[in-house]
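> Provide a 3D model corresponding to the input given below.
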Amino acid sequence: MHSVKEKVSNAAGAAQEKVEIMIAKGEEKAEKAAARTEEEKVIAKEGRKVKEAEAKMKLHETKAENAAEKLKHSHPVYGHHDPVVGGGQGHHAPVGTAANPTTVVPTAAYPPGSHPPGHHHTKHV
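Numbering: from 1, shown residues only. Below you'll find the predicted structure:
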């Protein structure tokens, strides 16, 4: 369901982008018609390019927001908390590691190449 909503929202964003580009082109034509010098015509063209770039930027922002909204609803959160971005402060390190507070990178709590405490080697036949 959220994929359909995302696609519809993206299509609406693309349609809005096309409308904004067409408006910018119309404004450029009007400015060029009123322009007296070649510099004014160049300024009108550059203004259209700026407006087109802004419209494309808005479309990409809308698509990113739609994708984030879909992702938010597609993965149930059982712990009732959002993950902390950029640091991992307050979260437990994976089993068998100890968080190094200076680098926030988990480091092994036991010698490299050995098994974690409590590991029992069993033979598989």
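
> CA atoms for contacts and neighbours, from now on please.
Will do.

> check contacts around G13.
Counting by C-alpha atoms under 8 Å, 6 or more residues apart in numbering, G13 touches L59, T62, K63.

> who touches the second one in this structure?
With contact taken as C-alpha under 8 Å, 6+ apart, T62 is in contact with N10, G13.

> got the buried residues for stretch 26-36?
For stretch 26-36, burial by neighbour count (16 or more other C-alpha atoms under 10 Å) applies to E27, E28, K29, E31, K32.

> re the thing from before, among the contacts of G13, which ones are in helices?
Those of these mapping onto helices are L59, T62, K63, per DSSP state H.

> helix or strand for the closest residue to K25 other than its chain neighbours, just tell me which one.
Setting aside the residues directly before and after it, K25 is nearest to R48 in space (C-alpha to C-alpha, 6 or more residues apart in numbering), at 6.2 Å. For R48, the host element (DSSP states H and E) is helix 38-74.

> and that helix, what's buried?
Residues 41, 44-45, 47-49, 51-52, 55-56, 58-60, 62-63, 66-67, 70 are the ones in helix 38-74 that count as buried (16+ other C-alpha under 10 Å).

> and what of stretch 12-26?
By neighbour count on 16+ other C-alpha under 10 Å, the buried set for stretch 12-26 is G13, A14, Q16, E17, K18, E20, I21, A24, K25.

> now the angle from whatever helix or strand the third one lives in to helix 38-74?
Secondary-structure element containing Q16, defined by DSSP H and E: helix 2-34. Note on geometry: by axes from the mean of the first three to the mean of the last three C-alpha atoms, to 10 degrees, helix 2-34 and helix 38-74 are set 170 degrees apart in direction.
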